[in-house]
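Student: Need a 3D model of the following:
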Amino acid sequence: SYKYLMSQQEGPDFKYAEQTLFTVYAFYTLLLSPQNHAVLPVELDMTRPLCDYWINSSHNTYLQGNQITSVSSVRMYKLAFLRGAKCVELDIWDSPEGPKITHGHTMTSRIPFRDVVECIGKYAFALNDLPVILSLENHCELKGRHQMARTFYTVLGAKLQPARAHEDALPSLESMRGKIILKGKRYGDPADPAGDIPSYDDL
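Tutor: Take a look at the predicted model:
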């Protein structure tokens, strides 16, 4: 029922479960909530390699609106995971205060990279323990990349999926339960004009 669906939601927009009027955001969240799913969950064969599955992905995850002038928010990562996303995007740029997340060369706002990684560490497995992919669009120079690496290892630690660069096939979903995969450009590749900077182990 309506009252039951409302009672299952969180946040200030759902403070009064008995109310008959609520915000546009509350209505939007209600429509996308697990309690309102039209399709029942199915049992997955977890033995196949990662590339054999459709992956629920989010593009420009941090943006609240359009790609030119909107606000960037750490909260958007939480919402993406709560809606089932298993691949989120991080556009990372240098700044005097350290790496920031933003849509480069636009008027969108910037948010601290570390705040985003901490949010990911907290909510990546909010719905289930299937692996999460962080799609890194990395525009940082050497110093920023080292800061990124330290943040990933410090905040995510054992949740990080070890690199398997020389294996013939991707690992199975079963073997990567609870793991976070970093997907990005492999520095040191001959095709990379800045091939003298961090190795794969450094990001």
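Student: use CA for all of it now, contacts and neighbours both
Tutor: Noted.
Student: what's the weakest-modelled helix or strand in the chain?
Tutor: Lowest by mean pLDDT, DSSP states H and E among the helices and strands of the chain is helix 2-7, with a mean of 54.
Student: In this structure, what residue spans correspond to strands?
Tutor: In the chain, the segments counted as strands under DSSP state E are 87-93, 100-101, 111-112, 132-138, 180-183.
Student: Flag the shaky bits of this protein, pLDDT-wise.
Tutor: Residues of the chain meeting the criterion pLDDT under 70: 1-22, 35, 38-41, 164-166, 187-203.
Student: can you give me the helices for it?
Tutor: For the chain, the helices defined by DSSP state H occupy 2-7, 24-32, 75-82, 113-123, 142-155.
Student: Contact partners for the closest residue to residue 127 other than its chain neighbours?
Tutor: Leaving aside its sequence neighbours, residue 127 sits nearest to residue 82 (Cα to Cα, 6 or more residues apart in numbering; 6.5 Å). Applying Cα atoms under 8 Å, 6 or more residues apart in numbering, we find residue 82 in contact with 123, 126-127.
Student: before we move on, what about residue 139?
Tutor: 91-94.
Student: ok, 7 Å please
Tutor: 92-93 (Cα atoms under 7 Å, 6 or more residues apart in numbering).
Student: Show me which residues of stretch 149-158 are buried.
Tutor: Neighbour counts over stretch 149-158 (16 or more other Cα atoms under 10 Å) mark 150-152, 155-156 as buried.
Student: what's across from the spatially most central residue of the chain in the sheet?
Tutor: Nearest to the mean C-alpha position of the chain, by Cα atoms, centre = their mean, lies residue 88 at 3.2 Å. With DSSP bridges as the criterion, residue 88 is bridged to residue 134.
Student: please renumber so the chain begins at 15
Tutor: In the new numbering, first residue 15, that becomes residue 102.
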